[in-house]
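**Student:** This is the structure alone, sequence omitted:
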């Protein structure tokens, strides 16, 4: 593992944690994408990137589909390629990354920074966080209509016997009544009957939590709690 000294040329007297988080989020996502483009034998190469490599890799980065980009930004499905080994809040901000040398080098350049090879190893000078974020977004082909950022992602829950039975009891005819009853019938159709796994999108989660905030009385409402209560507990409760 190669370490790289990173210096962010941001003269602000205070550091916006959201900007730093977004920069590191985009930087690691870009690195994971580059890992699929750069030949494995070059991942740890301690050298500067050639002009041809920069042109080719930037072109290829913009060809990834939204679904592919989602994988690169998902740490669970795409392993980390860098680690922060130390951080110093000075002016400018300085921190040390450990990881694949050439992938970090390319990430620095695509963020608008400069890389230099010294006797001590690699040293990177990065622009302000705002400029770095914009440069990385541009390198990935992200714009106002295609964004990447932190947020609630889809999830998969596995229902136990009683939860599955409660969902199956939802009357199919209730789909014509609209609202949450219609939603439950849709989930009944979508659930994998063999594994009892149910994939919930961000919009599904929004409906579940919106209903929890304003519950109504009735048999089917209590059944909703039987289905989701274990997976999405109320404040002060814990997952089993």
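**Tutor:** Structure received. Quick caveat: nothing in here was measured; it's all calculated off a predicted structure.
**Student:** now for the longest helix anywhere in the chain, which elements pack on it?
**Tutor:** For the chain, the helix that runs over the most residues, judged by DSSP state H, is helix 17-35. Under the contact criterion of 3 or more Cβ pairs under 8 Å, 6 or more residues apart in numbering; DSSP states H and E, helix 17-35 touches helix 51-61, helix 66-72, strand 82-88, helix 101-110, helix 129-139. All C-beta spots, glycine's among them, are computed from the backbone N, C-alpha and C.
**Student:** Ok, which of these comes nearest residue 36?
**Tutor:** Of all the helices and strands packed on helix 17-35, helix 66-72 sits nearest to residue 36, with 8.0 Å by Cβ to Cβ.
**Student:** re the thing from before, nearest to residue 203, out of the helices and strands packed on helix 17-35?
**Tutor:** Counting by Cβ to Cβ, residue 203 lies closest to helix 66-72 out of the helices and strands packed on helix 17-35; the figure is 15.8 Å.
**Student:** Tell me which of the helices and strands packed on helix 17-35 sits most buried.
**Tutor:** A comparison of the helices and strands packed on helix 17-35 by mean neighbour count, using mean count of other Cβ atoms under 10 Å, puts helix 101-110 on top with a mean of 24.
**Student:** Let me know the next secondary structure element after it.
**Tutor:** The first helix or strand that comes after helix 101-110 along the chain, using DSSP states H and E, is strand 114-118.
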